[in-house]
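J.: no sequence on this one, just coordinates:
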């Protein structure tokens, strides 16, 4: 592994700004790794080497005193987000060949901060349920036969494979957080609206979020600050180092419904936060099953509206599962959509009341670690459960309410698969989410662990 | 809580009205109908448990 790929984004950015590394060196190192590993991981739909090299050539003319925070840092972008001059496939043959005329807002902001966008990452078709078999299968760098989760599958696979320093993902019901947990990286679903969805192919307009995926919490803050809308509150890095002493942290759903190894990792994580001085309180949270129902109804109906024309004229080009979800949304009674929106408001009120006396909330991300790539169900203490239902057990509530929620690695199973933890705070309080996660990260080694599968190239096997 | 089974032929007619031709095999119509039934049934549970009885939004005065 080249030395540059072992650096965090913050370290790479520092070495770039201080001329210890050049943008060309860093980009070529990333492109070499992408070229070597993409056939194994299937994490990229498109790698645009020449466009990235032109960006770097321009950046290298920036005088030392004028270099922005992400100057020369290679970043990938999920392929449902527009990058000027590059097709946005959204993982579907329905959109193949549709070239973006301009950058999405978040991409433009990252470029303005000096980021070098070099690739589009794989995803579930339209970020809605399953990967289209016309695209390469995305694999988990921790175990190639395990799921990456979805829908931001390529972004997390690339990050865990140490190809690039950050990726931009989207999250409608858990699509940044669940895959980040499965691949042992940090993923932030920020407050609804704090990062613009302009230039992003929608899943469901009232639930879609755009956010950063990185390998460390501090990196996540740096990228969030660069991509957030001007109205959003910036996160000072110094704030992340304040620790959790004196903070009141609510804990929810760390119970016997989790796989025992996931439960054990979370119990240890809670002990670490308590040891750092946080006051932990067990909370009764709103009904997560009701939240998942709301998410299914609202996202299906809103997605069906967006795909109304293509579903009619090109319905056969969709993955059967995605098509069925869209049909479900098309056929749902309007009254049920209204009922789901009413329930959504009620759940939001309940969440606000639950956290009235807490600064943040910690809860599981998924009841299981990454399951077999081909499994459609998972074994849990409560019985066998449909895999897609199981992994969306803990994330929809914060999509519905728009509260910021972060995935941070909190352990490894005995089979060396990552376990993630979810940290949540009130809207606009990204700094609190990141501060709690950073306090935990400082005391644990999980962000420094290397995924084993990417150290061996296919030729070497 | 359950809902009445969805008649697949009527579901197909409704879809056609909306401009979508359902494919008997590709769309696994029985499975789609079952998914919709489950979703609607689950919605009734949460409406009762979480939303409760909101009562009439307008109080009618009996005509004299």
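T.: Cool, the structure landed. From a predicted model like this one, the values you see are computed outputs, not experimental measurements.
J.: Can you name the residues that contact the most centrally placed residue in chain A?
T.: Taking Cα atoms, centre = their mean, the centroid of chain A lies closest to residue A:176, which sits 2.2 Å from it. In this structure, residue A:176 makes contact with A:152, A:155, A:169, A:170, A:187, A:188, A:189, A:209, A:211, A:213, A:407, judged by Cβ atoms under 8 Å, 6 or more residues apart in numbering or on different chains. Every C-beta, even on glycine, is put in place using the N, C-alpha and C of the backbone.
J.: Could you identify the buried members of those residues?
T.: In the contacts of residue A:176, burial by neighbour count holds for A:152, A:155, A:169, A:170, A:187, A:188, A:189, A:209, A:211, A:213, A:407, counting by 16 or more other Cβ atoms under 10 Å in any protein chain shown.
J.: if I look at the nearest residue to the third one once chain neighbours are set aside, how far off is chain B?
T.: Pointing back at residue A:169 there. Leaving aside its chain neighbours, residue A:169 sits nearest to residue A:152 (3.5 Å; criterion: Cβ to Cβ, 6 or more residues apart in numbering or on different chains). Distance of residue A:152 to chain B, given as Cβ to the nearest Cβ, to the nearest Å: 25 Å.
J.: Can you give me the pLDDT of residue A:152?
T.: pLDDT recorded at residue A:152 is 97.
J.: hmm, the longest helix anywhere in chain B in reach of chain A?
T.: Taking DSSP state H as the criterion, chain B has its longest helix at helix B:29-46. Yes - judged by Cβ under 8 Å from any Cβ of the partner chain, helix B:29-46 comes into contact with chain A through B:31, B:32, B:35, B:36, B:39, B:40, B:42, B:43, B:46.
J.: I'd guessed residue A:219 sits against residue A:11; true?
T.: No - in this structure, residue A:219 is not within contact of residue A:11 by Cβ atoms under 8 Å, at 9.1 Å.
J.: who touches residue A:233 in this structure?
T.: Contacts of residue A:233 (Cβ under 8 Å, 6+ apart): A:194, A:428, A:430, A:431.
J.: distance of the closest residue to chain B within the stretch 1-150 of chain A from residue A:387?
T.: Of all residues in the stretch 1-150 of chain A, the one sitting closest to chain B is residue A:129 (12.1 Å; Cβ to the nearest Cβ). Counting by Cβ to Cβ, to the nearest Å, the separation of residue A:129 from residue A:387 is 11 Å.
J.: Check which helices and strands the one helix or strand residue A:407 maps to is in contact with.
T.: Using DSSP states H and E, residue A:407 sits within strand A:405-412. On a contact count with 3 or more Cβ pairs under 8 Å, 6 or more residues apart in numbering or on different chains; DSSP states H and E, strand A:405-412 meets helix A:177-183, strand A:186-189, helix A:217-227, helix A:260-275, strand A:418-424, helix A:430-442.
J.: which residues touch the spatially most central residue of chain B?
T.: In chain B, the C-alpha nearest the mean C-alpha coordinate belongs to residue B:40, at 4.8 Å (Cα atoms, centre = their mean). Counting by Cβ under 8 Å, 6+ apart, residue B:40 makes contact with A:332, A:333, A:336, B:3.
J.: before we move on, what about residue A:366?
T.: Taking Cβ under 8 Å, 6+ apart, we find residue A:366 in contact with A:149, A:178, A:181, A:182, A:262, A:390, A:391, A:393, A:394, A:420.
J.: Neighbour-wise, which one of the residues of helix B:29-46 next to chain A leads?
T.: Compared across these, residue B:43 has the highest neighbour count, 25 neighbours, by other Cβ atoms under 10 Å in any protein chain shown.
J.: give me phi/psi at the closest residue to it other than its chain neighbours?
T.: Distances taken as Cβ to Cβ, 6+ apart place residue A:336 nearest to residue B:43, at 5.2 Å, with adjacent residues excluded. Phi and psi for residue A:336, reported as degrees, to the nearest 10, are phi -70, psi -30.
J.: Next, count neighbours for residue A:336.
T.: 21.
J.: just residue B:50 next, same as before
T.: Using other Cβ under 10 Å, residue B:50 is surrounded by 18 other residues.
J.: Touching, the residue nearest to residue B:43 and residue A:294? I think so.
T.: No - under the criterion of Cβ under 8 Å, residue A:336 is not in contact with residue A:294, lying 10.3 Å apart.
J.: If residue A:249 is in a bridge, with which residues?
T.: Assessed by DSSP bridges, residue A:249 has beta-bridge partners residue A:280, residue A:360.
J.: Just list the residues touching it, thanks.
T.: A:273, A:278, A:279, A:280, A:281, A:358, A:359, A:360, A:361, A:362, A:436.
J.: where does the stretch 351-461 of chain A dip in pLDDT?
T.: Counting by pLDDT under 70, the stretch 351-461 of chain A has low-confidence residues at A:455-461.
J.: if you count what's nearby, which of residue A:219 and residue A:11 comes out ahead?
T.: More crowded of residue A:219 and residue A:11, by other Cβ under 10 Å: residue A:219, with 25 against 17.
J.: sorry, back to before: most neighbours among the contacts of residue A:233, please name it.
T.: residue A:430 (26 neighbours).
J.: element containing residue A:90, please.
T.: Taking DSSP H and E as the definition, one finds residue A:90 inside no helix or strand.
J.: does it really touch residue A:128, like I thought?
T.: No - applying Cβ under 8 Å as the test, residue A:90 and residue A:128 come out as separate, 9.1 Å apart.
J.: Strands of chain A, start to end?
T.: Using DSSP state E, the strands of chain A run over A:44-47, A:74-78, A:116-121, A:166-171, A:186-189, A:209-214, A:248-251, A:279-282, A:360-364, A:377-380, A:383-386, A:405-412, A:418-424.
J.: So what are the sheet partners of the last one and their directions?
T.: Put plainly, it is strand A:418-424. In its sheet, and by DSSP bridges, strand A:418-424 pairs with strand A:360-364 (antiparallel), strand A:405-412 (antiparallel).
J.: ok, now the fifth one?
T.: For strand A:186-189, the paired strands and their directions (DSSP bridges) are strand A:209-214 (antiparallel), strand A:405-412 (antiparallel).
J.: which residues touch the longest one?
T.: Outside of strand A:405-412, the residues that reach it under the criterion Cβ under 8 Å, 6+ apart are A:176-178, A:180-181, A:184-189, A:217, A:220, A:264-266, A:268-269, A:365, A:395, A:398, A:418-424, A:433-434, A:437, A:440-441, A:444, A:446-447, A:449.
J.: Now do stretch B:15-22: distance from first to last residue.
T.: 7 Å (Cα to Cα, to the nearest Å).
J.: Excluding chain neighbours, what is closest to residue A:275?
T.: residue A:443 (7.8 Å).
J.: unless I'm mixing things up, that neighbour is touching residue A:277, no?
T.: No - using Cβ under 8 Å, residue A:443 is not in contact with residue A:277; the gap is 11.5 Å.
J.: Could you count how many residues lie near residue A:239?
T.: Counted with other Cβ under 10 Å, the neighbours of residue A:239 add up to 15.
J.: And the one 5 residues further on, by the same measure?
T.: By the other Cβ under 10 Å criterion, the neighbourhood of residue A:244 contains 25 residues.
J.: Verify the stated contact: it with residue A:439.
T.: Yes - counting by Cβ under 8 Å, residue A:244 sits close enough to residue A:439 to count as a contact (4.4 Å).
J.: Need the overlap of contacts for those two.
T.: A:273, A:276, A:278.
J.: what about the first one, how many neighbours?
T.: So that's residue A:273. 23.
J.: Residue A:425 and chain B: what is the separation?
T.: With Cβ to the nearest Cβ as the criterion, residue A:425 and chain B are 24 Å apart.
J.: Tell me where the chain is predicted with low confidence.
T.: Let's take chain A. Using pLDDT under 70, chain A drops low at A:1-2, A:455-461.
J.: ah, no, chain B please
T.: Low-confidence segments of chain B (pLDDT under 70): B:1, B:24-27, B:52-64.
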